[in-house]
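K.L.:
A structural model of the following input is requested.
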Amino acid sequence: MVRIVGIKFKENGKVYHFDPADLPLKEGMHVIVETARGLEYGEVTASPRDIEDSELVSPLKKVVRIATPQDTKQVETNRRKEKEAFNICLEKIEKHGLEMKLIHVEYSFDANKILFYFTANGRVDFRELVKDLASVFRTRIELRQVGVRDESKMMGGLCVCGRPLCCSTFLSDFHPVSIKMAKEQGLSLNPTKISGACGRLMCCLKYEQEAYEDLNKITPPVGSIVKTPRGNGTVIQVALLSGKLRVRLDGDNDGVIADFTRDEVKFIKKGSRHKSEKLDEKELEELKKLEN
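P.N.:
You can find the predicted model right below:
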């Protein structure tokens, strides 16, 4: 067994495992740890616990120490410097005439390096910009190009549901999202209705997909022939989440439409899983661009 502690470096960031080094760590405490980027200031997400050796992906680095008030003050100073650096970098980008959008600036804990995150439509030659920034800040400079999903995660905002973006609140990792998921969830394939603030398919399609897959296994799709308490009929409408079906009855009740729950009917012949929208080649190409 190995003792670990989970630590994150950003409010909505990924949790990494470290060796607690017998320190009395508790959830919510701030600590200083050694990472590939040098010393970093992080927050304990859960108290130390034991796990099997086989669960470890790589050797653990130890927690250096519990953060002091001076460490916290250093982080606050870095946050203020980041705002100043952001404005300076904007000026330099305009000066060099570069087609790039500055998203975020991040100081390392010891202020030995500054990372500038940006988006751009293609590759950008920012060598002269780096030299210019290095002459101003007198420290190591790194420019890192990120995608549109990372941009939304860093900047935050509201989604079409009216809630803060999932990626900027609780999702620590991005997962692939496909058009197939939208189809299986019975959603319109209108790009404006299934894409998020980043312009890609909404992340919620992914973490709701498992529930829809389970419901699809036990719910007769549209077009299915089913046996109901009032005779056989054809499913013409499905409310997947509530489990309600609208059925056009056959036989003596020919043409009559009645509502049932999925538990009240039995499969006779399965229909198509979902109605397929007729899309031309150009529309399909546009939808593929939304996938991530």
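
K.L.:
all contacts plus neighbour counts: C-alpha atoms, from now on.
P.N.:
OK.

K.L.:
average pLDDT across stretch 15-28?
P.N.:
Per-residue pLDDT over stretch 15-28 has a mean of 91.

K.L.:
how about residue 233, secondary structure?
P.N.:
Secondary structure state of residue 233, per DSSP: H, G, I helix; E, B strand; the rest coil, is strand.

K.L.:
was I right about it contacting residue 246?
P.N.:
No: between residue 233 and residue 246 there is no contact under C-alpha atoms under 8 Å: 9.6 Å.

K.L.:
These two: which has the busier surroundings?
P.N.:
Higher neighbour count among residue 233 and residue 246: residue 233, with 26 against 18, using other C-alpha atoms under 10 Å.

K.L.:
quick one, phi/psi of the closest residue to the more buried one other than its chain neighbours?
P.N.:
Leaving aside its chain neighbours, residue 233 sits nearest to residue 249 (4.0 Å; criterion: C-alpha to C-alpha, 6 or more residues apart in numbering). Main-chain torsions, residue 249, degrees, to the nearest 10: phi -80, psi 150.

K.L.:
Could you list the low-pLDDT ranges of the stretch 151-292 of the chain?
P.N.:
272-281, 283-284, 292 (pLDDT under 70).

K.L.:
at 80 instead, please
P.N.:
172, 271-290, 292 (pLDDT under 80).

K.L.:
Now do the helices in it.
P.N.:
179-184, 191-194, 204-207, 209-218, 281-288 (DSSP state H, counting those that start in this stretch).

K.L.:
Doesn't residue 128 belong to a helix?
P.N.:
Yes: applying three-state DSSP, one finds residue 128 inside a helix.

K.L.:
if I pick it, what's in contact with it?
P.N.:
Applying C-alpha atoms under 8 Å, 6 or more residues apart in numbering to residue 128 gives the contacts residue 96.

K.L.:
same question, residue 172
P.N.:
Contacts of residue 172 (C-alpha under 8 Å, 6+ apart): 12, 13, 14, 15.

K.L.:
Quick check on these: which are buried?
P.N.:
For the contacts of residue 172, a burial check counting by 16 or more other C-alpha atoms under 10 Å picks out 12, 13, 15.

K.L.:
Next, count neighbours for residue 207.
P.N.:
Other residues lying near residue 207 total 11 when counted by other C-alpha under 10 Å.
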